[in-house]
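Need the 3D shape of this:
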Amino acid sequence: MSGPVGDAGAEVAATVSTGMRDVQDFPLPGVLFKDISPLLADPQAFGMAVRALADAARAAGGVDLVSGVEARGFVLAAALANELNCGLVLVRKAGKLPPPTVTREYQLEYGTAVLEVPLGVLDGRRVYVVDDVLATGGTLAAATQLLTEAGAEISGTGVLLEIGFLNGRAALSGLSGSSGPRVTALLRV
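Model (predicted):
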């Protein structure tokens with residue numbers, strides 16, 4: 001029997017796997033929520049995950065900014081930007097940023113949402129996008145499209161967990177070049 005797998009190796013995948021907790025029927029009945037609170041509370045595990053994402057961002061090429069997707073992506077992005085010694089830009093829910101912004105509505109697994117990014121800080125800058133989970137890909141696709149529309153060049157994306165059977169990578173295909181942005185998942189299930 002093989003252990004957990006991910007794009008940064010078996011040790012990182014096992015650490016991320018151990019640091020997640022499943023919460024049934026949250027936020028809606030039928031949804032299995034992946035809680036990253038145990039990972040964030042463990043300094044060694046959190047540090048390992050951030051360093052693995054930093055290695056992936058460096059491998060994707062130069063990074064001027066890290067972008068985190070609301071809300072759990074903010075935590076990862078801030079730590080990653082610090083690790084990479086670069087700036088940070090947030091992808092927020094609508095109405096949370098002062099104008100000017102650009103917005104996009106997208107489909108979630110259980111409804112719709114609207115994201116926004118600031119204008120004027122992304123022009124020509126290479127951005128590495130991070131979030132906690134890649135499920136259907138709707139959130140990361142919307143974030144990537146928004147960042148690109150606001151002037152960013154997407155160097156890649158990184159997530160703690162990819163839920164493979166939902167085929168979220170397909171939603172990112174073609175968004176940044178012919179095959180889409182490079183995706184690094186520390187744990188793939």
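
so what's the residue most central in space within the chain up against?
In the chain, the C-alpha nearest the mean C-alpha coordinate belongs to D131, at 2.1 Å (C-alpha atoms, centre = their mean). For D131, the contact set (C-beta atoms under 8 Å, 6 or more residues apart in numbering) comprises G68, V69, R72, G73, L76, T139, L140, A143, T157, V159. The C-beta positions use only the backbone N, C-alpha and C, and glycine is treated the same way.

Quick check: the residue nearest to the third one when sequence neighbours are not counted vs V159, distance?
This means R72. The shortest distance from R72 to any residue other than its chain neighbours is 4.2 Å, reached at D132 (C-beta to C-beta, 6 or more residues apart in numbering). Distance from D132 to V159, counting by C-beta to C-beta, to the nearest Å: 7 Å.

Same check on A78?
Counting by C-beta to C-beta, the gap from A78 to V159 is 16 Å.

Please, where are all the strands along this protein?
For the chain, strands defined by DSSP state E occupy the ranges 21-24, 32-35, 65-69, 87-93, 101-108, 111-118, 126-134, 153-162, 183-188.

show me where pLDDT drops low in this protein?
Along the chain, the parts satisfying pLDDT under 70 run over 1, 109-110, 174-181.

Keeping just the C-alphas, turn the biggest helix by length in it into PDB.
Ordering each helix of the chain by length in residues (DSSP state H) puts helix 43-59 first. This file holds the C-alpha atoms of helix 43-59, laid out as PDB (Å, rounded to 0.1, in the frame of the first residue of the first chain):
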ATOM      1  CA  PRO A  43       4.700  25.200  13.200                       C
ATOM      2  CA  GLN A  44       6.900  22.400  11.700                       C
ATOM      3  CA  ALA A  45       4.100  21.200   9.300                       C
ATOM      4  CA  PHE A  46       3.100  24.700   8.300                       C
ATOM      5  CA  GLY A  47       6.800  25.700   7.700                       C
ATOM      6  CA  MET A  48       7.300  22.600   5.600                       C
ATOM      7  CA  ALA A  49       4.200  23.400   3.500                       C
ATOM      8  CA  VAL A  50       5.300  27.000   3.000                       C
ATOM      9  CA  ARG A  51       8.900  26.000   2.000                       C
ATOM     10  CA  ALA A  52       7.500  23.400  -0.500                       C
ATOM     11  CA  LEU A  53       5.300  26.000  -2.100                       C
ATOM     12  CA  ALA A  54       8.200  28.400  -2.200                       C
ATOM     13  CA  ASP A  55      10.300  25.800  -4.000                       C
ATOM     14  CA  ALA A  56       7.500  25.400  -6.500                       C
ATOM     15  CA  ALA A  57       7.200  29.200  -7.000                       C
ATOM     16  CA  ARG A  58      10.900  29.500  -7.600                       C
ATOM     17  CA  ALA A  59      10.800  26.600 -10.100                       C
END
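
could you give the angle of that helix to strand 65-69?
Counting by axes from the mean of the first three to the mean of the last three C-alpha atoms, to 10 degrees, helix 43-59 lies at 120 degrees to strand 65-69.
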